[in-house]
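Student: Kindly generate the corresponding structure for this input.
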Amino acid sequence: MLCSVLFFIFSTHGRVDNMRTQDLEYFVSLVQHMNFQKAAEACDVSQPTLSIQIKKLEEELGIPLLHRKGKGFSLSPTGLHLLPLIENILREVHNLQEMARWLRFQPVGVINIGITPTLGSYIHEDLFSVFKEKFPDNEIKLHEVNEDNLLSMLDKGQLQLGLLIGPIDNERFLEAQLYEEHFVLGVNISHPLSSYEAIELKDLKKHKLIMTKSMPEHLHLEPGSEEILNHARSISNDLETIRYMVRNSDNVSFFPKLSTLGNEQSSIKYINIKDNNLSRKVFLMMREGDIMKEKYYSFGNDVAGRISARLCPVRQGM
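Tutor: Okay, here's the model as predicted:
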């Protein structure tokens, strides 16, 4: 219907360059009140303004909408004929505006999320569960990429969100901390350290410490503890490769707490580290100008809540 109305307007006068939907609203208001002054008050404009704009509308259409008789008027046959079509145009414009407002806060199609390999698959369940709640009409697609590629893809719009270890402090992006997790020491259950419930970092100098290549730059160590990194060997950037080596040798390594949940019954013993804030912070990244940022912040808050509950479960009873 709207297309046919627009075709009629174009074919009648050839252009609608200066036509405004507001002028159409003035005309409909005039018909509703059948009085220029009351229509102008309803539209919050002066009576001369409303009269002038309706006259301009007639000039744009090239047809009379009113028959003027002194200070009075009546609808012309063409005005009567166009009235329901103009009302429909205004309804369609209103629907368009409402849809645009809705889309401003609702993404369309696939939402691409980049995640660095060292974060691992152990947070995928949290991402997918919250995503289904927040974006029921969308599809999630995860991309495992390194930090540099993640930021580049995010900047180009190939990703909508990124999860990585930070902070990054790049003015092109917004970042929100999702969680901070501490590291524990993983050892084979036959290792001499497996009898310990907690250990100090300095005691690791006597043992074969290995870690992922990117771990040293992401660790938040207490002052004076940095020397332990000089003692460690960087092997792979795959945490599961490190876990395999610990499980099948006398090597020991640091593991983020989330990666140990559900592995308590394996052949690895996880030991707390005394008096050291050995941790990493994980951030949700998005483009600074993204109109969906409030929705994405809400998504991040819910993911953070789920992960925090896993890291610090509430104990039941006494």
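Student: all helices of the chain, in order?
Tutor: For the chain, the helices defined by DSSP state H occupy 2-13, 21-33, 36-43, 47-61, 77-104, 124-134, 147-156, 215-218, 227-231, 239-247, 257-260, 293-311.
Student: Kindly calculate the angle that the third one makes with helix 21-33.
Tutor: Taking axes from the mean of the first three to the mean of the last three CA atoms, to 10 degrees, one finds that helix 36-43 is oriented at 130 degrees with respect to helix 21-33.
Student: now helix 36-43, how far from the chain's geometric center?
Tutor: Distance of helix 36-43 from its chain centroid, counting by CA atoms, centre = their mean, to the nearest Å, is 44 Å.
Student: Tell me which residues of it come out buried.
Tutor: If you call a residue buried by 16 or more other CB atoms under 10 Å, then helix 36-43 has these buried ones: 36, 39, 40, 42, 43. From N, CA and C alone the C-beta is placed, and that goes for glycine too.
Student: And for the second one?
Tutor: Of the residues in helix 21-33, those buried by neighbour count under the rule 16+ other CB under 10 Å are 23, 24, 25, 26, 27, 28, 29, 30, 31.
Student: Might one say that the second one is in contact with residue 57?
Tutor: Yes: in this structure, residue 24 is within contact of residue 57 by CB atoms under 8 Å, at 7.1 Å.
Student: Now do the shared contacts for the two.
Tutor: Here residue 24 and residue 57 have no joint contacts, going by CB atoms under 8 Å, 6 or more residues apart in numbering.
Student: Make CSV from the buried residues of helix 36-43 and add pLDDT and distance to residue 152 to it.
Tutor: Listed next are those as CSV, based on pLDDT from 0 to 100; distance: CB to CB, whole Å:
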residue, pLDDT, distance to residue 152
36, 93, 61
39, 94, 57
40, 94, 56
42, 93, 54
43, 94, 51
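Student: For those residues, give me a markdown table that also has distance to residue 89.
Tutor: Output for the buried residues of helix 36-43, formatted as a markdown table (distance: CB to CB, whole Å):
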| residue | distance to residue 89 |
| --- | --- |
| 36 | 22 |
| 39 | 18 |
| 40 | 21 |
| 42 | 19 |
| 43 | 17 |
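Student: contacting residues for the spatially closest residue to residue 131 that is not a sequence neighbour?
Tutor: The shortest distance from residue 131 to any non-neighbouring residue, by CB to CB, 6 or more residues apart in numbering, is to residue 140 (4.7 Å). Applying CB under 8 Å, 6+ apart, we find residue 140 in contact with 110, 111, 113, 127, 128, 131.
Student: So what sits opposite residue 140 in the bridge?
Tutor: Here residue 140 sits in beta bridges with residue 111, going by DSSP bridges.
Student: got a pLDDT number for it?
Tutor: As predicted, residue 140 sits at a pLDDT of 91.
Student: Residue 203 now?
Tutor: At residue 203, the model reports a pLDDT of 82.
Student: quick one: low-confidence ranges for the chain?
Tutor: Along the chain, the parts satisfying pLDDT under 70 run over 1-19, 98-99, 101-108, 216-226, 263-265, 275-276, 313-318.
Student: most distant residue from the middle of it?
Tutor: Here the chain reaches farthest from its C-alpha mean at residue 70, the gap being 60.3 Å by CA atoms, centre = their mean.
Student: So which of the contacts of residue 140 is surrounded by the most neighbours?
Tutor: Neighbour counts for the contacts of residue 140, by other CB atoms under 10 Å, peak at residue 113, which reaches 22 neighbours.
Student: if I pick it, what's in contact with it?
Tutor: Contacts of residue 113 (CB under 8 Å, 6+ apart): 127, 140, 141, 142, 143, 159, 160, 161, 162, 163.
Student: ranking those residues by neighbours, who comes first?
Tutor: Among the contacts of residue 113, residue 162 has the most neighbours (other CB under 10 Å), with 28 neighbours.
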